[in-house]
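Engineer: model this:
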Amino acid sequence: MRAVIRQAGALYARSAHVVEMQDYMLLWLRSWVAHIFYASSRTKVAGGFLEPSDSAHTLFEYEYALPLLPADVALTLAIYAETFLPILLILGLASRLGALGLFGMTLVIQLFVYPGHFSEHATWLAALLPIVMMGGGKISLDHLLFRKRRTR
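Structural biologist: All right, here's what the predicted structure looks like:
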């Protein structure tokens, strides 16, 4: 009986590097949420990669009007967060940090910008929560870079 248990343990240890279904799910969630936020960032920029458009300035000044933040600061933060956090998610690099940042951004959008769109924002939060809790999975740079540390 002990030999069977040892063999089962050895088999599990060898298969620990194998990609599982949850890894594909995490990849899909990362890609889906990253696309939503990155596409949103592109609607806020003009000619350059991070240069805010005039229409985005107007939106942040009059429609969004976040408390405690000047419109220019909120716009710049939104563009940077919606550009770079999705890139982190796609790469699976600092996945939890990227997902947590977008989670916080979604809460701000829900509370201050579009409070009437709860079902859409709840969907984003539901997609981000597994990434925050489990990381990027085995199909990520996080796994590739840090798996050596885990095996030591």
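
Engineer: looking at the chain, which helix is longest?
Structural biologist: Counting residues, the longest helix found in the chain (DSSP state H) is helix 21-43.

Engineer: could I get the buried residue list for that one?
Structural biologist: 23, 26-27, 29-30, 33-34, 36-38, 40-41 (16 or more other C-beta atoms under 10 Å). In short, each C-beta sits where N, CA and C put it, glycine included.

Engineer: quick one: these as a markdown table, columns for pLDDT too.
Structural biologist: Converted to a markdown table, these look like this (pLDDT from 0 to 100):
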| residue | pLDDT |
| --- | --- |
| Asp23 | 94 |
| Leu26 | 97 |
| Leu27 | 97 |
| Leu29 | 97 |
| Arg30 | 98 |
| Val33 | 98 |
| Ala34 | 98 |
| Ile36 | 97 |
| Phe37 | 98 |
| Tyr38 | 97 |
| Ser40 | 95 |
| Ser41 | 95 |
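
Engineer: just put the residues you listed in CSV and tack on distance to Pro52.
Structural biologist: Shown next, in CSV, are these (distance: C-beta to C-beta, whole Å):
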residue, distance to Pro52
Asp23, 37
Leu26, 32
Leu27, 31
Leu29, 29
Arg30, 26
Val33, 23
Ala34, 21
Ile36, 19
Phe37, 16
Tyr38, 16
Ser40, 13
Ser41, 10
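
Engineer: which SSE is immediately downstream of the longest helix of the chain?
Structural biologist: The first helix or strand that comes after helix 21-43 along the chain, using DSSP states H and E, is helix 54-58.

Engineer: any idea of the mean pLDDT in that following helix?
Structural biologist: For helix 54-58, mean pLDDT is 94.

Engineer: CA atoms only: put that helix into CSV for me.
Structural biologist: Extracted C-alpha coordinates of helix 54-58, given in CSV (Å, rounded to 0.1, in the frame of the first residue of the first chain):
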residue,chain,number,x,y,z
ASP,A,54,-9.7,66.7,-26.1
SER,A,55,-12.9,64.7,-25.9
ALA,A,56,-11.5,62.7,-23.0
HIS,A,57,-10.6,65.9,-21.2
THR,A,58,-14.2,67.1,-21.6
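
Engineer: brilliant, that's me finished.
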